[in-house]
Structures are given as C-alpha cells and as structure tokens.
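*Asks:* Model the structure of this input:
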Amino acid sequence: KMHGSVSLLLALVAVAVAKTVPATNTTTNTRACLPPFDKLDFCNTKLSLDARVDNLISLLHDTEKPPLLTAREGGGGSPGPPGNVSRIGLPEFDWGLNAIHGVQSSCVEAGGTTYCPTSFMNPVNFGMSWNTSMFHTLGAVIAEETRALWLMGATEYSTWSGRPHIGLDVWSPNINIARDPRWGRNQEVPSEDPFLNGVFGTQSTIGLQQGEDSRYVKTIVTLKHWDAYSLEDSDGFTRHNFNAIISNATLAHTYFPAFKAAVTEGGALGVMCSYNAVNGVPTCANSFLNNVLRNEWGFKGYVTSDTGAVADIYTQHKYVPDAAQAACAAIKAGRCDINSGAVYHDALLEGVAKGYCSMDDVHQALADTLGLRFRLGLFDPIEDQPYWHVPASHINTPESQELNKLGARESMVLLQNPNNVLPFAKGKKVAVIGPHANAQAALVGNYLGQICPDDSFDCVASPYAAIAAINTAGSTNMAEGCPLTKEDKSGFAAAVQLAQTSDYVVLMLGIDESIEAESHDRTSIDLPEIQHELFQAVAAVGKPTVVVTVNGGMVALAPEKASQAAIVCAGYPGHHGGQAIATTLFGDNANLGGKLPYTVYDKDYVNQIKMSDMEMDTPPGRTYRFFTGQPLWPFGYGLSLTTFEVTNGTEIRDLHFTTTGDEQHDLHVKVTNTGQRTGDEVIQAYFVPAPNGTTPTPLKQLFGFQRVHLLPGQSQDVHIVGSVKDMLLTAHSGDRLAVPGKHTFVLTNGVDQEVRFNAVLHGEPQVRERFPH
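*Replies:* From the prediction side, this is the model:
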C-alpha cells in the first residue's frame, strides 16, 4: 500500500524497472542460525518457541529493535535497513509483499527460462465466481509461488517500494466490504457482503498459510484493512484523515464479520490497521479494535500499519501531537507491531525514554513478529523443510494457468440476453468496438507483479485479439469509437460504418484505473457519457449487439438495459480475461454462471446518500441487505445460456428452532440443468427475518452458497445447513440476538428459481453474542 503522493504510481505500474531480479540481489542472507551463530540458544530447536524468541530478544541492543519493527525496506517512506542484525546472524526479512491476486514481484530466471508470477483475475472477479474452492486455490498458488520467488531472490515490482527482496508475509486478502460503488478500490475486494467476504478471507487464508508441512507456516496472511476502510477522497476527506463514525450495530453486522471469520475460522496470523479513524481513534492506535481482535477473537498474530498510517496518527488525525507519542499510541494502545513508515525507526525509542510506552511494549511487538519468522521455518535446519526446496518451475505452471483461465470464465456475469443474442455463430463478420476493444492493461487491474518478461502487457490477449482467435473462419475487425471519458466523437463514424458491414457487434465499454483507483473515489457511477452515446449510435444500426463492461466497481447501464443488446459484466478478469470474454460470446464457456457480488444501482444513487456516511440503513440504504430502492440488477443476479430448475429436495417445509438452542437443519434442494448447454449455477441461501421493531433489520442476509457445474439434463443435490447462528439480528447496542418469530430461509439462483423454508424461532429474545467493550 502506498503513502499519499506516491499512491498514484499504482496506476502506472508498468514503469521502467529491471527485466528480472537485479544481479546484485542475493538470497544468502535469508537464513538464520548458520555457523558461527548456530550455537546461540535461539537456534536450539529443542527449546520451546517462546524460549527461543525470548533469547533472541534478549540479545538485541535497543537501537536494533525499531528497525526490526519497520516494514518495506525503504519503500513508502520507510528508511530501512532490512530487518537483519548481522552480528548475531539474524537475516533480512521484508514485511509487506502485496499479493491480492498474484505475487506482486519481479520475474526470475532459472536455467535460461524466465518465470513470471501468475496474475489471477482481480478479487472482485473472485466474488463474481462465487466459488469457494477457487478462493482457496488463489491462496495456495500465491503461497507456492511466493516461496519459489523468494528463494530465487525476486524483488517487489513497484519502484516506489524500493524493490527489496520479497518477504514471506503477504499483504492480502483485502476483505473490506464494497460499501459504496464510488469507492476507488472496489476491484480489490470480493463483494459488498460480509459473509461472502468472510468466506473469501477464510479460504484464501487457509490456502496461503497451510501447506504440505504442518510444522511450519507457508506464508503469513495480512488481512486488510482493519477496519471500516472504504473511502479514498470524498466529501472533503481523504483516507488519511477520515474519521468513520459507526454505530455498534453496524460494526457488529457489517464491518466485523469478515475479519472475525478469517481470524477464528481461517486462523489468519496477520492484520493491517488502516489509515482512517473509527469513532475518533485512529485504527492503528485503537485499543477497542485491539481488544476485539486479540481478546474477543483470540488473534495470535501480528498487526502492521498501512504505509504511513502511524504518521497519520499525529500529522493527519492530530490524535497526538508528535511522532514519539504516535509511535507509542500505536505500539501500546493499538498493539501495532510493524510500522510501514519511518515513525518507529525515528521516534519509538524517544517515546520509551519519555514514558509514553515501555520497553515491554516493544518486546511484545518483537515477540509477535519474530515468533512468526520462526514459524516460517527460517531458524531451523532446512534439509527436511519442503518450503525451502520449491523450484522455479513451480511458478506460473500450466496447472496454475488452467486454474486462472477457469476462474476468469467462471467470473463472467451475463446480465441480459434478449432474443438470445448470444451465443454468436462463428465464421461471421464481427465488429469489436469501444475504448476497451484492444484492452490489455485494463484487463489485469491493479496491484500487479511483472506480467510479461519484457515489462509490457503484450503477453495479455485483448478482447479483440481473443475474439479474432476464436472466429478464424470469419473476419474480426476493430474500431475504438471513442476514448474512455473524453467527449470526442471523431471515431463514431468509423465505428458505425464497421457495425453496418458486420454480422455481430461487440461493444467493449467500461472504466479503468484512471477512473477508479487507490486514493481516488468516483463521483459518478454511471457509464461515462461518451460511451452511452457511442452505444446509441452503434445500436441504432440494428445488428445483434452485446455490451461487455470492463469494471471493478459497478457501472450504471440504464440505456443499455432498456435496449435489445445482450450485456456481459467482465470485471477486471485478469491475464486470460480476453479469452474468457471471447469464449462466453461464442458459447464456448461451459463454466458460464457468474453472479453479481454487488448491487447495480441507477446512476442517481450517488445523490441520495453521502459517501462518508458509514451506516448501512441510512435511507435509501446500502447494499442488498438494506437498500429499499429498485436496482438495475440485484446482488446475486446472473443468467446463463442454458436453463436451470431448483426444486425442494425434501418434503420438509417447516423448520423449528429455539432462541437458546443450537438446532441445525439441512436445507436440501435439487438443481437440474433443463437446457441444451453445459453451464454453472450458484445456489444462494438467505435468511429473511420477520419484521420487528427492536433491531435494525436487514431485508435479507446471505449465509451460504454453492456453485455447481452441470451437463444438459444433469442434476445435483445441494445441501446448505441453516442454524440459529444464521438467524441472529443485531440490536442497537451491538449485541447479536436470537429474535423469535416466523422467519424464512430462501435458497435461490438469484434470478427466477427459489425454494422457501419456514424457519420458526421459538422462545424469548436471547442475546447470543455480546458486543465487545
């Protein structure tokens, strides 16, 4: 993550950097306990982990401690040095490898072959896939490649980072909710739903941390951004000075659940505190958030600041007057162990000397972080450690590429298909028109490692190139039509002429990192006006037309929805996104079945609620759980080129629960592909509470889902467990209650199929989860 003035470089990630890892970079300084230091007690594998860590801390000089608690080795304002103490053989370690959809590192060379990290689709597309196993796959592939790239000496890819040798803790996943469509980082998170984000966080955490050797952690997860972070630069605030005012209820039902799941179910060992304050206290100095994390949820890992967030405590939030007090507020009240920035390096010992915090606080942070370096296997003999022997050939393997392609195909969301515009027949004249017709960089989104060996995006097939590759028996031609946002119609005539001479038209529209990005929120959620105008001009020709949108956050498409055009939402589909789009259009995507992970509002939504309002039920409400208006398309919506039927797999309709009990019931439905094509369907399970006047009641709440792949005529039974914990409502106090009443469980495909179960909750209102204090 980046500090203010350098954060805009993210949109320009294809900067001039070395082709692969610099020749001067070495990996000889990554392993501890080599002779002559192997006789020190912290190298004695017969001692307990705590004893080894305590011994190592006892050997440190005070001046050596702040650098060990400093991330990024020179990037984002960090002064370095790398986290090593050479006099006792403690090796360097870089905290802060970004990897939200692939390792953000350089390529490496081995045996004359260049290996570049796998770049998957952006996290929003993982949300569009609704595929739990794919969430796990993302983590597992990143972990394997991180180990191999680390062993090969790969560096961070972005120049702003200082390009240090990568470490083994990854700053991912990002599980903030897509609270508002204007947020500039919606592409980095899976969805607007706390439960879906919690599943993503849990499964990717397990994939990242757990491998074939249960003795050691494969890589260290860092959940971000803790917490209530979803504003870049709106309503006169920036992410560095924004104070998120949030009720207990909204913390409990919206901002806590995804993090809680990833910690308590996924076992996440790292968390990143965010730039913003929550209810007046900067998150990195927030004792309440620390209490929730470590005491309520039993978190046993480390906390890092976002880059520059500790400095923001005094420079932006004015919470304390100077750097020394900011360092101590973070390390003591916030239990922020790692500072990405220079404040600990420059001012922590001053804070200790002045009594703002103690050396015990510093030692606790050292224990939290050094302990994890031990758990990575960096202080033990390596001969029998498989993670020390991951070859370069495990980077970007054919198997990873196939999984990457599958994920992109699964993430395509068909929003409408009037008159069966799709699929297109091959062998015809196809016009590919629009500002994203030849997109390459836009497809892969943000937070990128080195995509292609030559530092270009030339190894990424654009939609035009991918369509032409499939339509070899016909002809495929391209016209840009218009820029992304600039009011320039000079290309309209050529686009219209191309449409007139074609059998089919593909309009590649949308947005990119110049419109939505880190440090930059949108003010409009509408498709840029010039693109609406291009659509109207081309659609008027009357040829079968499909609109394909490339976007992270939603874009409003009211005129396009009202037309006879098919519409496909492609998100930021990654390295193989062009092929995923092309196979979808020609009916070759046997995995089509993505669903929206967010609500698509009309463009006027932004005039109805302030971006800086962090509550969910402020009229007209946020997300599918509280929005009372009419969306263009609802959360969970997505069509198919085949048809599905969902029926009750049991005769049971009435399910009974008690407010004090732990009853569970099997919600069983049968899903049948009743059409002529192979395809995917996603069954979504929602709790629909009965109205009551005592709690801020959501319209409904997701609590389970399952994706199925079915051949024509094939059926599959889907079982989702419904329990009392899935029926809890949140009181204004923040307590989670079991409220008696005749509630409903609904299993649906999000479109036209649903099975309803009566979920009757008996008894008196019962507090099942107390809000932490």
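*Asks:* From here on, just use CA atoms for contacts and neighbour counts.
*Replies:* OK.
*Asks:* neighbouring contacts of stretch 292-307?
*Replies:* For stretch 292-307, the external contacting residues (C-alpha atoms under 8 Å, 6 or more residues apart in numbering) are 1-3, 76-77, 222, 225, 260, 263-264, 267-275, 284, 335-341, 365, 368-369, 372, 772.
*Asks:* Drop anything exposed from the residues you listed.
*Replies:* 1-3, 76-77, 222, 225, 260, 263, 267-275, 284, 335-341, 365, 368-369, 372 (16 or more other C-alpha atoms under 10 Å).
*Asks:* start to end distance for stretch 594-610?
*Replies:* The first and final residues of stretch 594-610 sit 30 Å from each other (C-alpha to C-alpha, to the nearest Å).
*Asks:* check which helix or strand covers Ile708.
*Replies:* Small correction: residue 708 is Val, not Ile. strand 701-710 (DSSP states H and E).
*Asks:* can you give me the strands for the stretch 401-550 of the chain?
*Replies:* Using DSSP state E, counting those that start in this stretch, the strands assigned to the stretch 401-550 of the chain run over residues 413-416, 429-433, 475-479, 504-510, 545-550.
*Asks:* out of those strands, nearest to Ile100?
*Replies:* In terms of C-alpha to C-alpha, the element of those nearest to Ile100 is strand 545-550, at 18.8 Å.
*Asks:* for the closest one, what is the average pLDDT?
*Replies:* Taken as a whole, strand 545-550 carries a mean pLDDT of 98.
*Asks:* Each with direction, which strands does it pair with?
*Replies:* Using DSSP bridges, the neighbouring strands of strand 545-550 in the sheet come out as strand 504-510 (parallel), strand 566-571 (parallel).
*Asks:* Out of the strands of the stretch 401-550 of the chain, which gets nearest to Asn673?
*Replies:* So among those, strand 413-416 is nearest, using C-alpha to C-alpha, at 16.9 Å.
*Asks:* Give me the mean pLDDT for the closest one.
*Replies:* Strand 413-416 shows a mean pLDDT of 98.
*Asks:* how about the CA coordinates for it, as PDB?
*Replies:* Output in PDB follows, covering the C-alpha atoms of strand 413-416 (Å, rounded to 0.1, in the frame of the first residue of the first chain):
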ATOM      1  CA  VAL A 413     -21.800 -12.500 -15.500                       C
ATOM      2  CA  LEU A 414     -24.500 -12.500 -18.100                       C
ATOM      3  CA  LEU A 415     -26.900  -9.700 -17.200                       C
ATOM      4  CA  GLN A 416     -29.300  -9.900 -20.100                       C
END
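*Asks:* what's in contact with it?
*Replies:* Outside of strand 413-416, the residues within contact range by C-alpha under 8 Å, 6+ apart are 128, 561, 565-570, 592-596, 633, 637-640.
*Asks:* one step back: just checking, which of the buried ones among the contacts of stretch 292-307 belong to helices?
*Replies:* Secondary structure assignment (DSSP state H) places Lys260, Val263, Ala365, Asp368, Thr369, Leu372 from those within helices.
*Asks:* Quickly check those for the two that are furthest apart.
*Replies:* Largest separation among those by C-alpha to C-alpha: Lys260 and Ala365, giving 21.7 Å.
*Asks:* now the longest helix belonging to the chain: mean pLDDT?
*Replies:* For the chain, the helix that runs over the most residues, judged by DSSP H, is helix 132-151. The average pLDDT for helix 132-151 rounds to 97.
*Asks:* Name the surrounding residues that touch the helix or strand just after that helix.
*Replies:* From helix 132-151 onward toward the C-terminus, using DSSP H and E, the following helix or strand is strand 169-171. Residues external to strand 169-171 that are found in contact with it (C-alpha under 8 Å, 6+ apart): 94-100, 219-224, 272.
*Asks:* Pro181: which of the residues you listed is nearest?
*Replies:* Lys224 (18.8 Å).
*Asks:* Pretty sure that closest one sits against Val271.
*Replies:* Yes. A contact is recorded between Lys224 and Val271 when judged using C-alpha atoms under 8 Å, the distance being 6.0 Å.
*Asks:* Am I right that Pro740 is in contact with Pro765?
*Replies:* Yes. Counting by C-alpha under 8 Å, Pro740 does reach Pro765; the two are 6.1 Å apart.
*Asks:* Pull up the overlap in contacts between those two.
*Replies:* Counting by C-alpha under 8 Å, 6+ apart, the residues touching both Pro740 and Pro765 are Thr659.
*Asks:* So between these two, which is more surrounded?
*Replies:* Set side by side, Pro740 and Pro765 show more neighbours around Pro740, with 21 against 15, by other C-alpha atoms under 10 Å.
*Asks:* Who are the contact partners of the residue nearest in space to the middle of the chain?
*Replies:* With distances taken as C-alpha atoms, centre = their mean, the chain has Val189 as the residue nearest its mean C-alpha position (3.3 Å). The neighbourhood of Val189, defined by C-alpha under 8 Å, 6+ apart, consists of Pro123, Val124, Gly127, Asn174, Ile175, Asn176, Ile177, Ala178, Asn197.
*Asks:* Now do the closest residue in space to Phe242 that isn't next to it in sequence against Pro381, distance only.
*Replies:* Taking C-alpha to C-alpha, 6 or more residues apart in numbering as the measure, Phe242 lies nearest to Asn276, with 5.1 Å between them; neighbours along the chain are not counted. Distance of Asn276 to Pro381, given as C-alpha to C-alpha: 42 Å.
*Asks:* more neighbours, the two?
*Replies:* More crowded of Asn276 and Pro381, by other C-alpha under 10 Å: Asn276, with 31 against 15.
*Asks:* you'd agree the more buried one is up against Phe237?
*Replies:* No. Using C-alpha under 8 Å, Asn276 and Phe237 do not qualify as a contacting pair, with a distance of 10.1 Å.
*Asks:* In three-state terms, label Tyr624 for me.
*Replies:* Of the three states, Tyr624 takes helix according to DSSP: H, G, I helix; E, B strand; the rest coil.
*Asks:* Going forward, the N-terminal residue is numbered 209.
*Replies:* Fine by me, first position is 209 from now on; the one you just mentioned is Tyr832.
*Asks:* Double-check it against Thr807; I have them as touching.
*Replies:* Yes. Using C-alpha under 8 Å, Tyr832 and Thr807 qualify as a contacting pair, with a distance of 6.2 Å.
*Asks:* and Leu969, what element?
*Replies:* The secondary structure element spanning Leu969 is strand 962-970 (assigned by DSSP H and E).
*Asks:* now swap in Tyr894 and tell me
*Replies:* Taking DSSP H and E as the definition, Tyr894 sits inside strand 887-896.
*Asks:* Next, the distance between the ends of stretch 812-831.
*Replies:* Using C-alpha to C-alpha, the distance between the terminal residues of stretch 812-831 is 15 Å.
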